[in-house]
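Engineer: what follows is a predicted protein model with its sequence.
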Amino acid sequence: MSGPAEPIPEAAASALEALQASHPEIEAFDEVCRQLGGFEPALHTEWIDGYLTALAASWRRIPLEEALGPMTGDAFERAFADPADAQRARGTLQVRLDTLWQQLDPQALIDDPDRLHLGPLMQVWDDETRRQVVEEGAATPEEAATLLTGADWGHGFLAATEDFAADWPADAGRGDDDTLRAQLLETVTALTWHPSDDAFQRFARQGWPDADPSRDELVDEAGFAVQDLRVWWMDHPPRQAPRRAAPEPGRNDPCPCGSGRKYKRCHGAALS
């Protein structure tokens, strides 16, 4: 499991933005994530939301129960040792995943491709919030400078694509279509790059040749990329490995059914 080394400072947690989601839903989700973060600091609301979004954007409907272990390690069992608490926590995470599945409904995305349907939960970092965490001693000025809106969400998304690599194959054998998929995924990855990184500068020059994009622009582009990925998977599901048929026994070989008779006198007789 990959993720940020430290949780979001408490002073800035209230700046999480939620689109197309009810406040009770987000408050409950945030509380579950906070409890998980008490046992594994890398698990916080933004990172987990990015992880769940990748599950919802996959070509298949990945169940929460299948993803819970890869996503949280042993933190879930430690944070919610009481069975009733564990059931409520699972229900809360499922509600959020259901919301993301709804936001990434392929037909809705196809019918209205120019609208941003996805509502990611991201900590908004600007000069003011960075200054606050430095003043409160939660980060050094150098550390605060690396805090970028959407970065942890992007890390969570990418972690899920790694944990479920079979559902996010690097090469689906689709030629130019694979190139498009890689470009869409790079748009999400760009959220994790610092503006001074060479990779970020190469990416920025492709879409914004005159000036670096704002974080708002990057977040919006990443959201549209996720929506396009969801639609892309509908037309390009991973190819299934070909099944190898067992070689047919010879006429005088023992019948594979275990009868003790020769194949030609048993199941092979019907083929004669």
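Structural biologist: Structure received.

Engineer: give me the next element, helix or strand, following the lowest-mean-pLDDT helix or strand in the chain.
Structural biologist: Lowest on mean pLDDT, DSSP states H and E among the helices and strands of the chain sits helix 176-189, with a mean of 89. Using DSSP states H and E, the helix or strand that directly follows helix 176-189 along the chain is helix 198-207.

Engineer: contacts for the helix or strand that comes right after that next one next, please.
Structural biologist: In the C-terminal direction, the helix or strand that comes right after helix 198-207 (DSSP H and E) is helix 215-235. Counting by Cβ atoms under 8 Å, 6 or more residues apart in numbering, the neighbours of helix 215-235 from elsewhere in the structure are 53, 56-59, 104, 106, 109-110, 113, 116-118, 120, 122, 125, 148-150, 154, 157, 177, 180-181, 184-185, 187-188, 190-191, 207-208, 213. Any C-beta I mention is one placed from the backbone N, CA and C, and that applies to glycine too.

Engineer: how big is the angle separating helix 215-235 from helix 198-207?
Structural biologist: 80 degrees (axes from the mean of the first three to the mean of the last three Cα atoms, to 10 degrees).

Engineer: which residue ranges of this structure form helices?
Structural biologist: 23-37, 45-56, 64-72, 75-79, 83-103, 106-111, 127-135, 141-145, 151-163, 176-189, 198-207, 215-235 (DSSP state H).

Engineer: need the winner for burial among these.
Structural biologist: Taking mean count of other Cβ atoms under 10 Å as the contact definition, the stretch among those with the greatest mean neighbour count is helix 45-56, which reaches a mean of 27.

Engineer: other SSEs contacting it?
Structural biologist: Under the contact criterion of 3 or more Cβ pairs under 8 Å, 6 or more residues apart in numbering; DSSP states H and E, the helices and strands touching helix 45-56 comprise helix 23-37, helix 64-72, helix 83-103, helix 151-163.

Engineer: and the longest one, how far from the chain's centre?
Structural biologist: Think helix 83-103. From the chain centre to the centre of helix 83-103 is a distance of 16 Å (Cα atoms, centre = their mean, to the nearest Å).

Engineer: cool, and the shortest one?
Structural biologist: The gap between the average C-alpha position of helix 64-72 and the chain average comes to 12 Å, counting by Cα atoms, centre = their mean.

Engineer: skip the chain neighbours and tell me the closest residue to the spatially most central residue of the chain.
Structural biologist: With distances taken as Cα atoms, centre = their mean, the chain has residue 54 as the residue nearest its mean C-alpha position (2.2 Å). Among residues not flanking residue 54 along the chain, residue 160 sits closest, at 3.5 Å (Cβ to Cβ, 6 or more residues apart in numbering).

Engineer: give the contact list for that neighbour.
Structural biologist: Per Cβ under 8 Å, 6+ apart, neighbours of residue 160: 50, 51, 52, 53, 54, 55, 67, 70, 71, 168.

Engineer: any idea how far the spatially closest residue to the last one that is not a sequence neighbour is from residue 192?
Structural biologist: The reference is to residue 168. Across the structure, with Cβ to Cβ, 6+ apart as the measure, the residue nearest residue 168 apart from its sequence neighbours is residue 161 (4.0 Å). Computed as Cβ to Cβ, to the nearest Å, the residue 161 to residue 192 distance reads 12 Å.

Engineer: done for today, thanks.
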